[in-house]
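> what's the 3D shape of this:
(one chain, ligands or ions: 2)
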Amino acid sequence: MPLDRAKMLSQYRITAPEKFRLKDMSPGDTYDLPHTKDDAKDELEDVVKSIAKYQEMLYAQDQWSLLVIFQAMDAAGKDSVLDKVMSGINPQGCQVHSFKAPTSTELDHDWLWRTTVALPERGRIGVFNRSYYEEVLVVRVHPEILGKQRVPKKLVGKDIWQERFDDIRAFEKHMSRNGTKILKFFLNVSKEEQKKRFLDRIDQPDKNWKFNVGDLAERMLWEKYMDAYEDMIRNTTTEHAPWYVVPADKKWFTRLVVAHAIDDALSGLGLAYPKVEAASIEEMKKAREVLANEK
Ligand code: ATP
Ligand code: MG
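Ligands and ions are numbered 1, 2, ... in the order given. Take a look at the predicted model:
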C-alpha cells in the first residue's frame, strides 16, 4: 500500500500543544514502515528530486522563501540529515547557517539580531543548523549564559522564558506574513542512542573529529534539556510555524520524515514558473529568428 504521507506527517507535527508530552514521542519509532535500507534510500531519492523541482520553481517565482530549522541534542543527526536531504538541491538556492555561541559583536545586540541577517532571501531555502531557539534551550539550562547577555537586570524576571516565547511567536508570525514558510524539526534522539553514537565517535579514529568533550557535560543535563525542549515546543508550535518531533534513533527514518515534510510544505505553496508576458514572447520569437538566420 502506498504511504499516506499526510497521515504519517500528522503523527509527528505538533498541533495540540496543551496535550504535548515529549515522553509520548518514541525516538525509535519508524511508523512501522516495512522499508529495507534500499527502499528507504530509493524513496528518499525520489522525494529529494521532488524538493529540487520545487526549489527551482521557488527560485524562478522569487516570492516565497522557506526557512527550515533544526534543533537537537548532540549526535542526533542534524548534519547527516542536512547532507542527505539537501544534497540534491541547487546550492545557489539553498543557504545553510550554523548558529554557535554568540560573538561579542552579537552580544552587543538583542538576541534576534543575528538571525535577521541570516534569513533566506525570497526564492531561497534557508536552513538553520541550530537557531534562535538556543535562547530558550542552552541559555535556559545554563543561567550563567543569560547573565553574559547584559540585558538590564530589571528586565530579567521570572517570566523571561514566556517573554522570549512571545517574541519568537511574534517574529515567526511576522515572517510568515511576509512570505516565509517556516518548518521546525526537533530530532528526537534517545539518551541510549546518543551514548552509542558518542562511543562510536571515540572508538573510530575517522569519527574522532566529531567528538567534543564538552558534549558530555550537556549530556549530564539531559533531563533539564528535555524539559526545556518540551516547554519550547508547547509554546512555539503554531499553524504557520509548526514543530515536528522527528524520531531520530534510526537515521533512515529521520531523513525520510524531514524530506517528506519539506516536500509537503513546498507542494502547498502553489508554486509555478512565472508566465512570460506577450511582449517578451514576441521579442523571443524575433531573437529566435536572428539566431536561426545567423551565418
Ligand atoms: P556538531 O557538534 O555536530 O558539529 P553543533 O551544532 O553541536 O554541531 P557546535 O560547534 O558543537 O555545533 O556547538 C555549537 C554550540 O553553540 C552549541 O553548544 C550551542 O548550544 C551553542 N549555541 C548556539 N546558539 C547559542 C546561543 N544563542 N547562546 C549560547 N550558546 C549557543
Ligand atoms: Mg556539538
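
> can you pull the contacts of Asp264?
5-6, 9 (CB atoms under 8 Å, 6 or more residues apart in numbering). Every C-beta, even on glycine, is put in place using the N, C-alpha and C of the backbone.

> Show me the shaky parts of the stretch 1-150 of the chain.
1 (pLDDT under 70).

> Would you tell me which residues of it are close to ligand 1?
Residues of the stretch 1-150 of the chain found near ligand 1 (CB under 6 Å from any ligand atom) are 74, 79, 99-102, 129-130, 134-135, 138-139, 145.

> before we move on, the earlier item: just the buried ones from the contacts of Asp264?
Neighbour counting by 16 or more other CB atoms under 10 Å classes Leu9 among those as buried.

> what's the spacing between the longest helix seen in the chain and its chain's center?
What stands out as the longest helix in the chain, according to DSSP state H, is helix 37-61. Remark: helix 37-61 is offset 16 Å from the chain centroid, using CA atoms, centre = their mean, to the nearest Å.

> Name the next helix or strand following that helix along the chain.
The C-terminal neighbour of helix 37-61 among helices and strands, as given by DSSP states H and E, is strand 65-72.

> Any buried residues in stretch 169-180, and which?
Buried, per 16+ other CB under 10 Å, within stretch 169-180: 169, 171-172, 175-176, 180.

> again with stretch 179-196
180-190, 193-194.

> hmm, it touching ligand 1?
No: judged by CB under 6 Å from any ligand atom, stretch 179-196 and ligand 1 are separated, with a smallest distance of 11.2 Å.

> quick one: that stretch to chain centroid distance?
9 Å.

> got the CA positions of that stretch in CSV?
The C-alpha coordinates for stretch 179-196 follow below in CSV (Å, rounded to 0.1, in the frame of the first residue of the first chain):
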residue,chain,number,x,y,z
GLY,A,179,6.1,35.1,2.6
THR,A,180,8.5,32.9,4.6
LYS,A,181,7.2,29.4,5.2
ILE,A,182,8.7,28.1,8.4
LEU,A,183,9.3,24.4,9.4
LYS,A,184,10.9,23.4,12.6
PHE,A,185,12.4,20.0,13.3
PHE,A,186,13.4,18.6,16.7
LEU,A,187,15.4,15.5,16.1
ASN,A,188,14.4,13.4,19.0
VAL,A,189,17.3,11.0,19.8
SER,A,190,17.2,8.8,22.9
LYS,A,191,19.8,9.1,25.6
GLU,A,192,20.9,5.5,24.9
GLU,A,193,21.4,6.1,21.2
GLN,A,194,23.4,9.2,21.9
LYS,A,195,25.7,7.1,24.1
LYS,A,196,26.2,4.6,21.3
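
> Alright, calling it a day.
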